[in-house]
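Novice: can't give you the sequence, but here's the structure:
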């Protein structure tokens, strides 16, 4: 009984202290660029006919670092990002905290992959879990391109796998030096130009191809200060 | 302060509302692989899982349930079919394995494609030759069922149907399928003695079979090549189809030898109808694949005399658990599904 009362008192004090420190809410915006703003961006005549119909991916171990390398914020559990519209993550930080760097992993690590059914963003009902072979799909991008010699010109790239020799978890980092909101932008269009859809249009299982395509993802993420219009 | 006190009261209320469920595990069993702390058992969740297991609404056309291939009267195996079949009488590539002692497994399916019990149900639900449906469709169906909404409320405190809750409740029911009441188990606990013939068979088993079919679970949970010829109509290469490694060619998960009386036919493709055929295979037909260097393959045929085969089968019969097969707590919940 004494232990329970001590625990309750500790929890109360902890709540009070926490309430007095947090004072600012910043936004991390997840944005997906799904089309070329200028048809000559990548020198491809048919770039305007590329249609990206779906972009979904997990980010995990999201970390905000200060100038001294101090951890301002850390979230291990994966967040499911749906590129169909901007997604905003609100984070509480102390007033006027400068974010020096943002890092995260694209995907779900092996610990979570092995740990059974999860809920919320990790719930298999979101369609990001392979039913025929255990494991999360770390990154999913689908659409239509005339370059695809497939049924209805569809491409489907489902990138996953968490065991050697073809893991697909990929680190991303970006330096900011900003106070305030940030935007993490994935350029789906640029990524697909690098993929070369004339040769690669269907990846649906772990393996060397998923690993290769995963390694190309990080360079199409940009992390910038977000200024509202 | 008020918030903390209220929170504590809620915690106590939840514990009272969802009493835990205790599994009866014999002392000679090893520790369970399944982490119960991630899915604490409750009577209500087990009841929900049992209803789901027997309900064909999980399939695309409402005709096939888990129990359609995993019959409780056959130790939750699929008897009288070499290859299991699903909706529209579609025939699959393999024989549905028996389900028991699943909490001790760290891989599932004949090729180990599934590595956690919670996720196993996704495979048959979405397979074209089994239930032909999808998790999303199942969630939709259950959400619109007033019957299941009530069961989810009873199990989880609110009526929200999620993939996680669906899968974990199925796991909870399957975790209760513990087979530990055979004569062998009685012998291990000191409540029975083997006959001379059974003892001879046990000795033969330890000499020739225990490496792969390791007691007391009678599987080492690994993958092995037991010398089966490739069925040219199936081209099933087992573990290699999951790992992509040629070294895993023709490796299949080692099944438990418990409840063989109830769970024939045998092997991943159900090619052997009885145990004598199995022993004949090991003695006369098994292919020794010396081109592989691993230790997961049969290194020599197991040549036993006729008497030795009889003694071995006599021992294997001591692994049959009649109490498990006839346990009404595992059977079709007639009072729930009302059919």
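Specialist: Thanks, I have the structure now. Fair warning: this is a prediction, and the values are worked out from it, not measured in the lab.
Novice: Can you give the distance from the longest strand belonging to chain A to the centre of its chain?
Specialist: Of all the segments assigned as strand in chain A under DSSP state E, the longest by residue count is strand A:51-65. Strand A:51-65 has its average C-alpha position 2 Å from the chain's average C-alpha position, going by Cα atoms, centre = their mean, to the nearest Å.
Novice: Stretch A:128-145 now?
Specialist: The chain centre lies 14 Å from the centre of stretch A:128-145; the measure is Cα atoms, centre = their mean.
Novice: any idea what the spatially most central residue of chain B is structurally, helix, strand or coil?
Specialist: Centroid-nearest residue in chain B: residue B:99, 2.4 Å away (criterion: Cα atoms, centre = their mean). Residue B:99 carries the three-state label coil when classified by DSSP: H, G, I helix; E, B strand; the rest coil.
Novice: got a list of what it touches?
Specialist: The contact partners of residue B:99, by Cβ atoms under 8 Å, 6 or more residues apart in numbering or on different chains, come to B:70, B:75, B:76, B:77, B:174, B:177. Every C-beta, even on glycine, is put in place using the N, C-alpha and C of the backbone.
Novice: between those, which is nearest chain A?
Specialist: Among the contacts of residue B:99, residue B:174 lies closest to chain A (Cβ to the nearest Cβ), at 12.5 Å.
Novice: Nearest residue to that closest one in space, please, no chain neighbours.
Specialist: Closest residue to residue B:174 in three dimensions, ignoring its sequence neighbours and counting by Cβ to Cβ, 6 or more residues apart in numbering or on different chains: residue B:102, at 5.2 Å.
Novice: Counting neighbours, what do you get for the one you found?
Specialist: 19 (other Cβ atoms under 10 Å in any protein chain shown).
Novice: surely it meets residue B:173?
Specialist: No. With the criterion set as Cβ atoms under 8 Å, residue B:102 and residue B:173 do not qualify as a contacting pair; they are 10.2 Å apart.
Novice: Just confirm residue A:73 is within a strand.
Specialist: Yes. With three-state DSSP as the criterion, residue A:73 is part of a strand.
Novice: now it, which residues is it bridged with?
Specialist: Beta bridges link residue A:73 to residue A:64, judged by DSSP bridges.
Novice: Starting from the helix or strand of chain A with the lowest mean pLDDT, tell me the next helix or strand along the chain.
Specialist: The least trusted helix or strand in chain A, going by mean pLDDT, DSSP states H and E, turns out to be helix A:2-21, with a mean of 67. Heading C-terminal from helix A:2-21, the first helix or strand you meet, by DSSP states H and E, is strand A:24-33.
Novice: Can you give the contact residues for that next one?
Specialist: Counting by Cβ under 8 Å, 6+ apart, strand A:24-33 makes contact with A:55, A:59, A:62, A:81, A:83-84, A:86-97, A:99, A:102, A:180-190, A:226, all of which sit outside it.
Novice: any idea how far it is from the chain center?
Specialist: Per Cα atoms, centre = their mean, the displacement of strand A:24-33 from the mean C-alpha position of its chain is 12 Å.
Novice: Residue 125: what's it in contact with?
Specialist: No chain specified, so I'll use chain A. The neighbourhood of residue A:125, defined by Cβ under 8 Å, 6+ apart, consists of B:135, B:136, B:139, B:162, B:163.
Novice: Not quite, go with chain B.
Specialist: With contacts defined as Cβ under 8 Å, 6+ apart, residue B:125 is in contact with A:131, B:58, B:59, B:131, B:133, B:134, B:135, B:138.
Novice: any idea how far residue B:61 is from the fifth one?
Specialist: Think residue B:133. Here the distance between residue B:133 and residue B:61 works out to 9 Å (Cβ to Cβ, to the nearest Å).
Novice: same thing with the fourth one?
Specialist: Per Cβ to Cβ, residue B:131 is found 9 Å from residue B:61.
Novice: so what sits against both of those two?
Specialist: Taking Cβ under 8 Å, 6+ apart as the contact rule, the neighbours common to residue B:131 and residue B:61 are residue B:87.
Novice: ok, those two, which is more surrounded?
Specialist: Taking neighbours as other Cβ under 10 Å, residue B:131 and residue B:61 compare with residue B:131 leading, 28 against 13.
Novice: Once you drop chain neighbours, what's closest to residue A:216?
Specialist: Sequence neighbours aside, residue A:194 is the residue nearest to residue A:216 in space, at 5.6 Å (criterion: Cβ to Cβ, 6+ apart).
Novice: what number of residues lie near that neighbour?
Specialist: The local packing of residue A:194 (other Cβ under 10 Å) involves 13 other residues.
Novice: State the distance from it to chain B.
Specialist: In this structure, residue A:194 and chain B are separated by 25 Å, where distance is defined by Cβ to the nearest Cβ, to the nearest Å.
Novice: Likewise for residue A:144?
Specialist: Between residue A:144 and chain B the computed distance is 22 Å (Cβ to the nearest Cβ).
Novice: what sits against the most centrally placed residue in chain A?
Specialist: Within chain A, one residue has its C-alpha closest to the average C-alpha position: by Cα atoms, centre = their mean, that is residue A:59, at 3.4 Å. Residues in contact with residue A:59 (Cβ under 8 Å, 6+ apart) are A:30, A:78, A:79, A:81, A:104, A:105, A:106, A:107, A:172, A:184.
Novice: Report the two of the contacts of residue B:125 separated the most.
Specialist: A:131 and B:59 (14.1 Å; Cβ to Cβ).
Novice: Among these two, which residue is more densely surrounded?
Specialist: The residue with more neighbours, out of residue A:131 and residue B:59 and counting by other Cβ under 10 Å, is residue B:59; that gives 23 against 20.
Novice: just the strands in the chain please.
Specialist: Let's take chain A. Read by DSSP E, chain A holds these strands, from start to end of the chain: A:24-33, A:51-65, A:71-75, A:79-82, A:87-93, A:98-106, A:137-144, A:154-160, A:170-179, A:182-187, A:202-203, A:221-225.
Novice: oops, chain B please
Specialist: Along chain B, counting by DSSP E, strands occupy B:223-224, B:252-253.
Novice: and residue A:154, what are its bridge partners?
Specialist: residue A:144.
Novice: How about the one 5 residues further on?
Specialist: Beta-bridge pairing for residue A:159 (DSSP bridges): residue A:139.
Novice: From chain B, how far off is it?
Specialist: Remark: distance between residue A:159 and chain B (Cβ to the nearest Cβ) = 16 Å.
Novice: before we move on, the earlier item: what would the strands of chain A look like in a markdown table with distance to residue B:50 and mean pLDDT?
Specialist: A markdown table is the format used below for the strands of chain A (distance: least, Cβ to Cβ, whole Å; pLDDT from 0 to 100):
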| stretch | distance to residue B:50 | mean pLDDT |
| --- | --- | --- |
| strand A:24-33 | 41 | 90 |
| strand A:51-65 | 33 | 95 |
| strand A:71-75 | 37 | 94 |
| strand A:79-82 | 31 | 96 |
| strand A:87-93 | 39 | 92 |
| strand A:98-106 | 39 | 94 |
| strand A:137-144 | 31 | 95 |
| strand A:154-160 | 32 | 95 |
| strand A:170-179 | 42 | 90 |
| strand A:182-187 | 44 | 94 |
| strand A:202-203 | 39 | 93 |
| strand A:221-225 | 46 | 93 |
